[in-house]
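A predicted structure for the sequence below; I have some questions about it.
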Amino acid sequence: MDVIELSWWQLAMAAALVLALAICVYWARLGVGNSLLLAATRTAVQLTLVGFVLEALFAVGKPLWIALMGLAMLLLAGREVMARQNYRLRGGWGFAIGTVAMFVSAFSVTVLTLIVVIGPTPWYSPQYAIPLLGMLLGNTMTGIALALDRLTESVRRERQQVEGRLMLGQTWREACGELRRDAMRSGLMPIINAMAAAGIVSLPGMMTGQILSGTAPALAVKYQILIMFTIAAGTGFGTFLAVSVASRRLFDGCERLRLDRLTAS
């Protein structure tokens, strides 16, 4: 089945819907009209540029360029994790924790999936590696950002309770244990909800795209199940690692709570 090609004027019609929403937001005085228009503009520009980059990358297919593309995606995702927190760790910690957690989880799961599960030739084929890494990074980024934001907000809010537990002789792990678990749950909820609703409430993006491009629905379903499972694994492991490291950084060697290590974004 041939894919119906979209022209720029057809995309402009879709953009008009966003513009209409922005007008409604402005009239309602919600204060997010500019953010909505900026986000829509960034979406169009960024995806257009990525399209040109991917076309060149697919044509070349060199592992060095694929690795550089993955590195750029990782660094940008690390910046977004830091920016989405109301309170983050000072210095390089705010950027490093999220970035390293995504590298360990998303990159490991991506490589494992490419080599063991999908098995393209070569295993780093950009047709598979870049989309898979992008979906994993995007969802892992959201989970880690939510978890870290919940952790720092909770520790600041429950400062007296945490310090009281420390004075009673509890270790830092025991004093903030419930806050850590709550933060991890917060990071995992989006992917849990997405998996629970997949196929019933909504059709996931990758599956929809494949079906629109002419892929057999049964094959599209298999790929979507694979993607959902790998996203869950990447998000879960990344969230666990980020929360564990960040919570330890909130206490010093004498197990004192150090909220002075946080700074407002």
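All right, it came through fine.

quick one: mean pLDDT for the helix or strand where residue 146 lies?
Element membership for residue 146, per DSSP states H and E: helix 126-157. Per-residue pLDDT values over helix 126-157 give a mean of 93.

quick one: list the elements packing against whatever helix or strand comes next after that helix.
Using DSSP H and E, the helix or strand that follows helix 126-157 in sequence is helix 159-167. Where contact means 3 or more Cβ pairs under 8 Å, 6 or more residues apart in numbering; DSSP states H and E, helix 159-167 is packed against helix 172-175. (Glycine included, C-beta is placed from N, CA and C.)

could you check the angle the helix or strand that the helix it packs on is followed by makes with helix 126-157?
In the C-terminal direction, the helix or strand that comes right after helix 172-175 (DSSP H and E) is helix 177-197. Direction vectors for helix 177-197 and helix 126-157, defined by axes from the mean of the first three to the mean of the last three Cα atoms, to 10 degrees, enclose an angle of 140 degrees.

so what touches helix 177-197?
139, 142-144, 146-148, 150-151, 154-155, 158, 162, 173, 204, 228, 231-232, 235-236, 239-240, 242-244, 247 (Cβ atoms under 8 Å, 6 or more residues apart in numbering).

chain center to that helix: distance?
Its chain's average C-alpha position is 13 Å from that of helix 177-197, according to Cα atoms, centre = their mean, to the nearest Å.

right, and the helix or strand after that helix?
Past helix 177-197, further along toward the C-terminus, the next helix or strand under DSSP H and E is helix 205-212.

relative to helix 126-157, how tilted is that following helix?
Computed by the same axes, to 10 degrees, the angle between helix 205-212 and helix 126-157 is 150 degrees.

so which elements touch whichever helix or strand comes after helix 205-212?
Helices and strands here follow DSSP H and E; after helix 205-212, the next one along the chain is helix 217-249. Counting contacts by 3+ Cβ pairs under 8 Å, 6+ apart, helix 217-249 is packed against helix 93-102, helix 108-112, helix 126-157, helix 177-197, helix 205-212.

so is residue 263 in a helix, a strand, or just coil?
Secondary structure, DSSP: H, G, I helix; E, B strand; the rest coil: residue 263 is strand.

over to residue 124?
Local secondary structure at residue 124 is given as coil here, using three-state DSSP.

phi, psi for it please.
When read as degrees, to the nearest 10, the backbone of residue 124 gives phi -90, psi 20.

got it, and residue 251?
phi -130, psi 150.

what's the closest non-adjacent residue to it?
For residue 251, the nearest residue in space outside its immediate sequence neighbours is residue 172; the separation is 4.1 Å by Cβ to Cβ, 6 or more residues apart in numbering.

in terms of contact, does the one you found touch residue 255 like I think?
Yes. A contact is recorded between residue 172 and residue 255 when judged using Cβ atoms under 8 Å, the distance being 4.8 Å.

which neighbours do those two have in common?
Between them, residue 172 and residue 255 share the contacting residues residue 166, judged by Cβ under 8 Å, 6+ apart.
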